[in-house]
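[1] quick one, what's the 3D model for this:
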Amino acid sequence: QVQLVESGGGLVQAGGSLRLSCAASGRTFSIYTMGWFRQAPGKERECVAAISAGGGSTYYADSVKGRFTISRDNAKNTLYLQMNSLKPEDTAVYYCAAGSGLVVSLKTERSVNYWGKGTLVTVSS
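    Okay, here's the model as predicted:
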């Protein structure tokens, strides 16, 4: 069992930055592929970034490439999402997810085993 707790969301102006964190319980964090998903009002949830267990493979949605960076610290059981050059369309609830498959599977939610409760990011214009 893995519990995920997100933090770092908030209100920021367009062009600003935020860093989301996801703290994982348990001693098995390092075996999981991890990802960040988001869901905006009236829209489907989408994967914005994912990272393999060892950190060597990453995925980014086209909409965030060059602006967001996913990283993990397995010694601290923590996943991060650095978000720069934020846009109003980045406004959403951001969720942390853990899965047992590859990055390519996690980004489609097929192999997500655990979800956090989410943190709200609001970008004002």
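
[2] phi, psi for Ser17 please.
    Dihedral pair for Ser17: phi -130, psi 150, per degrees, to the nearest 10.

[3] any idea how far it is from Val2?
    Separation of Ser17 from Val2 (CB to CB, to the nearest Å) stands at 28 Å. (Glycine included, C-beta is placed from N, CA and C.)

[4] what comes up buried for the helix or strand containing Met34?
    Here Met34 sits within strand 33-39, counting by DSSP states H and E. Burial within strand 33-39, assessed by neighbour count using 16 or more other CB atoms under 10 Å, is assigned to Thr33, Met34, Gly35, Trp36, Phe37, Arg38.

[5] for Asn113, state which of those residues is nearest.
    When the buried residues of strand 33-39 are ranked by distance to Asn113 (CB to CB), Thr33 comes first, at 9.6 Å.

[6] and that closest one, what are its bridge partners?
    Beta-bridge partners recorded for Thr33 (DSSP bridges): Gly99.

[7] which of the three states applies to Lys65?
    With DSSP: H, G, I helix; E, B strand; the rest coil as the basis, Lys65 sits in coil.

[8] quick check, pLDDT for it.
    The score at Lys65 is 98. That number is its pLDDT.

[9] one more: Gly26?
    Reported pLDDT for Gly26: 76.

[10] and it, that's in a strand?
    No. According to three-state DSSP, Gly26 belongs to no strand; its state is coil.

[11] could you list the low-pLDDT ranges of the protein?
    Of all residues in the chain, none has pLDDT under 70.

[12] what's the helix or strand for Val123?
    strand 119-124.
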